[in-house]
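# one predicted model, sequence on top.
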Amino acid sequence: MKRNINFLATLIFGIFTSVQLSAQCTPDPACVDTGEPGEYCPQNFPAIILDVAYDEVITFILALEFEHNGTSYTLDSLAVDSIENVPPGMTYSSSSTGYVPGEAYCSQLAGTPTLAGEYAIRFYLSPYIDLGSGPELLGSFLDDTSVVVTVYDPSGLDPNQVDEFQVLPVVPNPFTEITQLSFYTPFDDHVQLQVYNILGEKMHEEKKGATPGEHQFKFSGNTLLPGTYFYRVRNSHKIYTGKFIKTK
């Protein structure tokens, strides 16, 4: 599927337990879908921390088209049937379980997570397509690829230092193909990632601009030989170092 199905999962990555129709939120009028590819606001969310209360409102707009089995369809509406594999202690509420393209909706993520870890959220979705003679159900789909929710334990992001730049543990580590290094910044910044082998040779470098919130470097090690590597994360004030292991 194209962006609208995965996009819905992304913007409601915190959809927790069953869908509830009780969100006391208002869509952000500043959230605009320019070019109609779909949109969500804000772009970055506070990190989810074990045993720390979380409450976030998201505004989202569905894209008009998606692709299934090589065919592009015009989306009439999309129903969220159910959600599974969510972090314990969290709740999700929305004003609707059905959505139409071009309209702005809001949802609210709240609760206190009770178990740290990564959660690959499973979304059961029913898209209705527009064939010119009225909406028709395309089928029921499971989307469990778009969103992995991470609940950090105290060894990750320190909730007592949310006004400081922080680098979070590499996940997964060891890894075989792709690993993720997250960082949190309380201010606008430019952040650089460098990867070195044990001989001190630079194997990779990338930079990104970051607004306040949590961000990720997704590092592909497909060109690396198995072994131990060191990473260096540099922002405008400090340098942080660590290591990870490529297993295959």
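Yep, it's here. Numbers count the residues shown, from 1 in each chain.
# for the protein, which spans come out with low pLDDT?
Residues of the chain that meet the criterion pLDDT under 70 lie in 1-23, 35-36, 43-47, 83, 95, 97, 120-121, 143-149, 153-162.
# the same query, at a cut-off of 50, please.
1-19, 21, 145 (pLDDT under 50).
# scan this structure for its longest strand.
strand 71-84 (DSSP state E).
# that one: which residues count as buried?
Buried residues in strand 71-84, counting neighbours by 16 or more other Cβ atoms under 10 Å, are found at 73, 75-80, 83. C-betas here are computed from N, CA, C, even on glycine.
# what packs against the very next helix or strand once past it?
Following strand 71-84 in sequence order, the next helix or strand is strand 90-94 (DSSP states H and E). The contact analysis (3 or more Cβ pairs under 8 Å, 6 or more residues apart in numbering; DSSP states H and E) places strand 90-94 against strand 104-111.
# show me what the strand it packs on is packed against.
Under the contact criterion of 3+ Cβ pairs under 8 Å, 6+ apart, strand 104-111 touches strand 54-61, strand 90-94.
# for burial, what's the neighbour tally of residue 192?
The number of residues packed near residue 192 is 15, by other Cβ atoms under 10 Å.
# that one sits in which helix or strand?
According to DSSP H and E, residue 192 maps onto strand 189-196.
# tell me which of the helices and strands packed on strand 104-111 lies nearest to residue 197.
Of all the helices and strands packed on strand 104-111, strand 54-61 sits nearest to residue 197, with 38.5 Å by Cβ to Cβ.
# give me the angle between that closest one and strand 104-111.
Put simply, strand 54-61 runs at 160 degrees to strand 104-111, going by axes from the mean of the first three to the mean of the last three Cα atoms, to 10 degrees.
# surely residue 86 and residue 117 touch.
No: Residue 86 is beyond contact range of residue 117, at 11.5 Å (criterion: Cβ atoms under 8 Å).
# the two: who's more crowded?
residue 86 (20 against 14).
# any idea how far residue 115 is from the more buried one?
To residue 115, residue 86 is 11 Å away according to Cβ to Cβ, to the nearest Å.
# just residue 84 next, same as before
Distance, residue 84 to residue 115, by Cβ to Cβ: 15 Å.
# swap in residue 169?
On the measure of Cβ to Cβ, residue 169 and residue 115 end up 17 Å apart.
# out of the two, which sits in the busier spot?
Regarding residue 169 and residue 115, a neighbour count based on other Cβ under 10 Å identifies residue 169 as having more, with 17 against 12.
# rewinding a little: any chance of the buried residues of strand 71-84 in JSON lines, plus distance to residue 141?
Below are these laid out as JSON lines (distance: Cβ to Cβ, whole Å):
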{"residue": "73", "distance to residue 141": "12"}
{"residue": "75", "distance to residue 141": "13"}
{"residue": "76", "distance to residue 141": "15"}
{"residue": "77", "distance to residue 141": "14"}
{"residue": "78", "distance to residue 141": "10"}
{"residue": "79", "distance to residue 141": "11"}
{"residue": "80", "distance to residue 141": "11"}
{"residue": "83", "distance to residue 141": "13"}
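# which one of these sits closest to residue 237?
Nearest to residue 237 among those is residue 83, at 39.5 Å by Cβ to Cβ.
# three-state assignment of residue 200?
Here residue 200 is recorded as coil under DSSP: H, G, I helix; E, B strand; the rest coil.
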